[in-house]
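Visitor: Build the 3D model from these lines:
(one chain, ligands or ions: 1)
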Amino acid sequence: MANQPASRTALVLFSGGQDSATCLAWALQHFAHVETLGFDYGQRHAIELDCRGALLAGLKSLRPDWAEKLGESHTLAIPTLAEISDTALTRNVAIEMGEGGLPNTFVPGRNLVFLTFAAALAYRRGMTHIVGGMCETDYSGYPDCRDDTIKAMQSALSLGMDRQFELHTPLMLLDKAATWSLAHELGREGLVDLIRQHSHTCYLGERGAQHDWGYGCGECPACRLRAKGWREYMARAV
Ligand code: ZN
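Guide: So this is what the prediction gives:
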């Protein structure tokens, strides 16, 4: 990335979680203009989307050069996704392992749909770079987070829209501790603190209790993964 021209625009898939907030900072470091896109797909807890405002404001006050680069923040509503899927993220059921070894937090095709809408929006706005926080290291087995899937989507979208899209996934090979390290590399303690306090990860949508790794129930798989990553990051940092 370092030797690529900075006069480019990127669209970042930005949900308000730790991964997408880190990706947004990464994009602000590597692109001249950055817009964000979040999806309201009928998830049980839209609190993650609400976190975007505080994160955007925080990024702007952290770095004036990033503030200049930050452009429009888009939200697309795609309630159809919840209509056709029966998962713990879109219905009020307990999180558990389902058939085929996938947790029932898996929303089939979610990232495929997200990337398709992102490419359609990018096309309309004259952008070819799309950034997403997909990661195959700590990915709970979600097949639409795999690097192979993303590469196939890049080909399909480029062919299908006749435009050469580049899908960037800076977290693809990082674990959660390394994602915190990347945040530190990009914006030092200020960025780590911003993401820790204002990004949301908890599957149950809880923001009541504050832990050293941020807010959340502390028990769901997403909270446990985030807490584990934070502990490892802190252990590596000393
Ligand atoms: Zn939780």
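Visitor: use CA for all of it now, contacts and neighbours both
Guide: Fine.
Visitor: in the protein, which spans are strands?
Guide: 9-13, 33-40, 70-77, 129-131, 166-168, 210-211, 214-215 (DSSP state E).
Visitor: What pairs with the last one, parallel or antiparallel?
Guide: The partner list of strand 214-215 in its sheet, established with DSSP bridges, is strand 210-211 (antiparallel).
Visitor: roughly how far out does the strand it pairs with sit from the chain middle?
Guide: 21 Å (CA atoms, centre = their mean, to the nearest Å).
Visitor: just stretch 156-163 next, same as before
Guide: Worked out by CA atoms, centre = their mean, stretch 156-163 lies 23 Å from the chain centre.
Visitor: Show me which helix or strand of the chain is least confident by mean pLDDT.
Guide: Here the helix or strand of the chain ranked lowest by mean pLDDT, DSSP states H and E is helix 80-83, holding a mean of 78.
Visitor: buried set for it?
Guide: 81, 82 (16 or more other CA atoms under 10 Å).
Visitor: now swap in stretch 159-172 and tell me
Guide: By 16+ other CA under 10 Å, the buried positions in stretch 159-172 come out as 165, 166, 167, 168, 169, 170, 171, 172.
Visitor: Output that stretch as CSV, restricted to C-alpha atoms.
Guide: Extracted as CSV, the C-alpha positions of stretch 159-172 are listed here (Å, rounded to 0.1, in the frame of the first residue of the first chain):
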residue,chain,number,x,y,z
LEU,A,159,-16.9,-8.7,-14.1
GLY,A,160,-20.6,-8.1,-13.3
MET,A,161,-20.2,-4.3,-13.1
ASP,A,162,-17.5,-4.0,-15.7
ARG,A,163,-15.3,-2.0,-13.4
GLN,A,164,-12.0,-3.1,-11.8
PHE,A,165,-12.9,-3.1,-8.1
GLU,A,166,-10.2,-3.8,-5.4
LEU,A,167,-11.5,-5.3,-2.1
HIS,A,168,-9.1,-4.5,0.7
THR,A,169,-9.2,-6.6,3.9
PRO,A,170,-6.4,-5.4,6.1
LEU,A,171,-7.4,-7.6,9.0
MET,A,172,-7.7,-10.8,7.0
